[in-house]
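Asker: requesting a structural model of the entry that follows:
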Amino acid sequence: MNIEVGSTDERSSIEGVYREMAVLLRRLALQRYGIPVEDVDCLVHDVFATYITQRTSVRSIRAYLIGGICNASRQYWRERRIVDTLFTSLDEERAGTPEFVDHVVLQVALGATLARLGARCRETLRRYYLEGQSTAEIANDMDTSSGNVLKILHDCRKRAREVYLSLTQVTTT
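Answerer: Next up is the predicted model:
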């Protein structure tokens, strides 16, 4: 069947797939993954939006949509866990204090800074500062010299400072 993009046949085909699969996807998200009722429709709609943009390369609609809702549900809980981790350990008294707000801002700024560094910098900084590996150990794994690792650390710290300052710099207009 040859269906033109944007045609009535194509729209009715997508609507038919939605009517047929939406209930199953909602049930999977609710029962299998425990997604809250108020959030499940957003996930289902996101999966269908992705399907609509990718439908020319989809071989099995059912498998694609089920895989999509499973992945979306897992991602939902990963993101939710991050938010919950940040806010569940709070006690009511500390939450409104300037120190707490500064702590949260610092954590967000550091996370954003690390996200903007390249993978090589993140990995090298993590190994050196968090895992306490020596420059010789890192150099051995990177197949380079200790001096080069020191240069990489210097450049990464410099870049991290620049990124951090650009993120935390207050501009007035």
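Asker: break this structure into its domains for me.
Answerer: Listed domain ranges for the chain are 8-87, 92-168 (source: automatic domain parsing).
Asker: centre of the chain to the last one, how far?
Answerer: What it means is domain 92-168. Mean-position distance between domain 92-168 and its chain equals 19 Å (CA atoms, centre = their mean, to the nearest Å).
Asker: same question for stretch 31-47.
Answerer: Taking CA atoms, centre = their mean, one finds the center of stretch 31-47 at 17 Å from the center of the full chain.
Asker: can I get the domains of the chain in CSV including mean pLDDT and mean neighbour count?
Answerer: The C-beta positions use only the backbone N, C-alpha and C, and glycine is treated the same way. What follows is these, written out as CSV (pLDDT from 0 to 100; neighbours: other CB atoms under 10 Å):
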stretch, mean pLDDT, mean neighbour count
domain 8-87, 89, 14
domain 92-168, 86, 13
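Asker: tell me the pLDDT at Thr173?
Answerer: For Thr173, the pLDDT comes out at 55.
Asker: could you list every helix and strand in contact with the lengthiest helix in the chain?
Answerer: In the chain, taking DSSP state H as the definition, the longest helix is helix 61-88. Packing partners of helix 61-88 (3 or more CB pairs under 8 Å, 6 or more residues apart in numbering; DSSP states H and E): helix 8-27, helix 37-54.
Asker: and Leu65, which of those helices is closest to it?
Answerer: Counting by CB to CB, Leu65 lies closest to helix 8-27 out of the helices and strands packed on helix 61-88; the figure is 5.1 Å.
Asker: ok, Leu150 to Arg122 distance?
Answerer: Using CB to CB, to the nearest Å, we find Leu150 at a distance of 17 Å from Arg122.
Asker: skipping adjacent residues, who's closest to Ile66 in space?
Answerer: Once flanking residues are discounted, Ile66 sits nearest to Leu28: 6.8 Å by CB to CB, 6 or more residues apart in numbering.
Asker: distance of that neighbour relative to Val37?
Answerer: For Leu28, the distance to Val37 - CB to CB - is 14 Å.
Asker: and the residue nearest the centre of the protein?
Answerer: Nearest residue to the geometric centre of the chain (CA atoms, centre = their mean): Glu79, 7.1 Å.
Asker: how far away is that one from Ser73?
Answerer: Applying CB to CB, the value for Glu79 to Ser73 is 11 Å.
Asker: what do you get for Thr97?
Answerer: Here Thr97 is placed at a distance of 36 Å from Ser73 (CB to CB).
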